[in-house]
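>>> Any chance you can model this:
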Amino acid sequence: MTGLIQIDGAVVLDVIFESVRDAATAPDLVTVAVSLFNYERFLGKCLDTVSQQLHQHIDLIIVDDASDQDDSLRAAQEWLSANGHRFARALLVRHARNQGLAQARNTAFTLSRSDPVFVLDADNQIYPRALSRLLGMIQAGNSAAYSQLEFFGEEKRLGYADFWSQQKFRRGNYVDAMAMVSKASWKQVGGYTPMDGWEDYDFWCKLIDAGLEAVFVPEILCRYRVHSSSMLRTDTARADESVRMQMVSRHPWLDL
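Below you'll find the model as predicted:
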């Protein structure tokens, strides 16, 4: 894979870096999909935690969503040049124009070689056991698996994750995007949809609408960084009425 490519008939990507150590895919291969947009200052620490995973068979896909305020792309390329050999496949692609978080994730899923895909934003981190523990839940037949979070950075506290329940989702989202998702399930529900910051909530609701199950692993496996531009500190957490109406229209069982 080299140069400019096109996926879904519209999204144009520039392949910045690719290395393949293992052309054949292992039965327990996991793809880590990192969404990157102006997070140069956090990227190295995030990727270090991926390289330190106890699970060995990992493809790493970094999707730069046309970062324009820092050297995120250069930082990603330099990190991969030094560490790409750790992975069965390491791939860095850049959107030709900013497409938003939903499309960044969809791009990574489209390019993944494995069914299990772990979704990770470039400002967050994971503990060494994260992939191996969540993979077991996907292999058991679940559509997605997620863990408890540890908030760090400007806030330090336990996260809000809990056991999967349609009833709990009725009043709001409590499951972060930092989860392992079956590519088959992602495809079945049509991937992520742009929702003004509520892409994750909408995606979980789509799984419920499709009768698919996710499972909660009650361990602290993932670290969510709280900072001035994180999801908790932006309008994502304060969606206006039009977004709420859109969510209820898409998922009438919600009570927002």
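
>>> where does the stretch 101-250 of the chain have low pLDDT?
When residues are selected by pLDDT under 70, those of the stretch 101-250 of the chain lie in 229-239.

>>> let's see 90
Counting by pLDDT under 90, the stretch 101-250 of the chain shows low-confidence ranges at 196-197, 227-242.

>>> What segments of it are strands?
Assigned strands in the stretch 101-250 of the chain, in chain order: 116-121, 125-126, 144-153, 157-158, 179-182, 214-226 (criterion: DSSP state E, counting those that start in this stretch).

>>> Kindly reformat these as JSON lines containing mean neighbour count and distance to Ala66.
The way it works is simple: take the backbone N, C-alpha and C, and place the C-beta from them, glycine included. As requested, the strands of the stretch 101-250 of the chain are exported to JSON lines (neighbours: other Cβ atoms under 10 Å; distance: least, Cβ to Cβ, whole Å):
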{"stretch": "strand 116-121", "mean neighbour count": "26", "distance to Ala66": "16"}
{"stretch": "strand 125-126", "mean neighbour count": "21", "distance to Ala66": "24"}
{"stretch": "strand 144-153", "mean neighbour count": "20", "distance to Ala66": "25"}
{"stretch": "strand 157-158", "mean neighbour count": "10", "distance to Ala66": "33"}
{"stretch": "strand 179-182", "mean neighbour count": "26", "distance to Ala66": "24"}
{"stretch": "strand 214-226", "mean neighbour count": "19", "distance to Ala66": "22"}
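
>>> wait, which of those is closest to Ser81?
Shortest separation from Ser81 across these is recorded for strand 116-121, at 20.1 Å, computed as Cβ to Cβ.

>>> Give the other helices and strands that that closest one contacts.
Helices and strands touching strand 116-121, as assessed by 3 or more Cβ pairs under 8 Å, 6 or more residues apart in numbering; DSSP states H and E, comprise strand 30-36, helix 40-51, helix 101-111, helix 130-139, strand 179-182, helix 183-188.

>>> For Leu29, find the nearest of the strands of the stretch 101-250 of the chain.
Among those, if distance is taken as Cβ to Cβ, the winner is strand 116-121, at 7.7 Å.

>>> what are the pairing partners of the closest one, and which direction each?
Looking at strand 116-121 with DSSP bridges, its paired strands and their directions are strand 30-36 (parallel), strand 179-182 (antiparallel).

>>> Show residues contacting that strand.
For strand 116-121, the external contacting residues (Cβ atoms under 8 Å, 6 or more residues apart in numbering) are 29-35, 39, 46, 50, 105, 108-109, 126, 130-131, 134-135, 138-139, 177-183, 186.

>>> Which members of the residues you listed are classed as buried?
Listed as buried from these are 29-35, 39, 46, 50, 105, 108-109, 126, 130-131, 134-135, 138, 177-183, 186; burial here means 16 or more other Cβ atoms under 10 Å.

>>> For Ser165, the count of nearby residues, please.
Neighbour count of Ser165, defined by other Cβ atoms under 10 Å: 11.

>>> contacting residues around it?
With contacts taken as Cβ under 8 Å, 6+ apart, Ser165 has no neighbouring residues.

>>> oh, and call the first residue 383 from now on, that's how I've got it
Got it, first residue is 383 now, which makes that one Ser547.

>>> Show me what the closest residue to Trp546 other than its chain neighbours bridges to in the sheet.
Nearest non-adjacent residue to Trp546, counting by Cβ to Cβ, 6 or more residues apart in numbering: Ala596, 4.9 Å away. In this structure, Ala596 has the following beta-bridge partners (DSSP bridges): Ala526.

>>> can I assume Ala596 is in contact with Asn524?
Yes: counting by Cβ atoms under 8 Å, Asn524 is a contact partner of Ala596 at 6.1 Å.

>>> which stretch among the helices and strands packed on strand 498-503 comes nearest Arg468?
Distances from Arg468 to each of the helices and strands packed on strand 498-503 were compared using Cβ to Cβ; the minimum, 4.8 Å, belongs to helix 422-433.
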